[in-house]
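Q: Would you be able to build a 3D model of this:
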Amino acid sequence: MKTLKTLTICALGALMLASCSNAPKIERLPGISAGQIDSVSYAVGISFGEMLKSSNMEAIDIAEMEKGIIAVLNGDSLKFDRHMVGGIIQGYMVAAENAKSKQREKEQAEFMEKNKKNEGVQETESGLQYKIEVPGNEEIKATAQDTVEVNYVGTLLDGTEFDSSYKRGETAKFPLSRVIKGWTEGMQLVGEGGKIKLWVPFELGYGPRPMGPELPGYSTLIFDVELVKVYKAVPKEEKK
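A: The predicted model follows:
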């Protein structure tokens, strides 16, 4: 609803400042120059365009939008009841996101099918793909109950980097029982001191739901990981 509210505010600004050829002439306020009107009109256009794009509405028909703007400015009868407008916009945004998600799912399935044929890439029964770049200590490997200390970089298929311990300037340490399935499984495949590349399908990652603007739904995640250290879990009987 926050996105819809922001979109409505931007649309209102666009309606008030639109300079369509058929729109009524709006008198300038005293002290406001034509140059200022041109600049703010263009600025609102940029803001509105960016909002449309981020709201999955970049494919909007500008000509139809212009008709709506002119109708409002002229006080003409509208094609839709005003109470329907919010529902129409919200419905489109949901449908557009679903369509994009299905397209991402298809593209990433095709990528994984091709990727597993590349030299050195292996695939587990779960669908996780990996490549051992440095084996590390074969005698010191993590289990799902252990904690690992790692350095890593996470990217999407298009190369977008969404996370990096290197950029934070410190290693990351976490129990393998509390991370995504792809990490839990993948970090058991390399020894301490080793390096591994993981291709995590969305089923083993964050699933179909988007995790913020940097991680859209159905995202295949690529991780380059250095397993710095394995901290073995202490058996319960030893904790007593």
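Q: all contacts plus neighbour counts: C-alpha atoms, from now on.
A: Will do.
Q: any chance you could map the helices in this structure?
A: Remark: helices assigned in the chain by DSSP state H are 2-17, 34-54, 62-74, 82-115, 165-168, 181-186, 236-239.
Q: Could you say which one of those helices comes nearest to residue 143?
A: Residue 143 lies closest, by Cα to Cα, to one member of the helices of the chain: helix 181-186, at 8.3 Å.
Q: For residue 234, see how far away the closest residue to residue 209 other than its chain neighbours is.
A: Excluding its sequence neighbours, the residue lying closest to residue 209 (Cα to Cα, 6 or more residues apart in numbering) is residue 217, at 4.4 Å. Here residue 217 is placed at a distance of 36 Å from residue 234 (Cα to Cα, to the nearest Å).
Q: who has more neighbours, those two?
A: Shown here are residue 217 and residue 234; by other Cα atoms under 10 Å, residue 217 has more neighbours (23 against 10).
Q: In this structure the more buried one contacts residue 207, no?
A: Yes. Contact criterion Cα atoms under 8 Å: residue 217 and residue 207 qualify, at 6.6 Å.
Q: Next, the angle from the longest strand seen in the chain to helix 82-115.
A: Across the chain, the longest stretch assigned as strand under DSSP state E is strand 221-231. When axes from the mean of the first three to the mean of the last three Cα atoms, to 10 degrees is applied, the directions of strand 221-231 and helix 82-115 differ by 70 degrees.
Q: Does anything pack onto strand 221-231? Which helices or strands?
A: Here strand 221-231 touches strand 147-155, strand 191-192, strand 195-200, going by 3 or more Cα pairs under 8 Å, 6 or more residues apart in numbering; DSSP states H and E.
Q: What is the burial count for the residue nearest to residue 127 when sequence neighbours are not counted?
A: Leaving aside its chain neighbours, residue 127 sits nearest to residue 201 (7.0 Å; criterion: Cα to Cα, 6+ apart). By other Cα under 10 Å, 24 other residues sit near residue 201.
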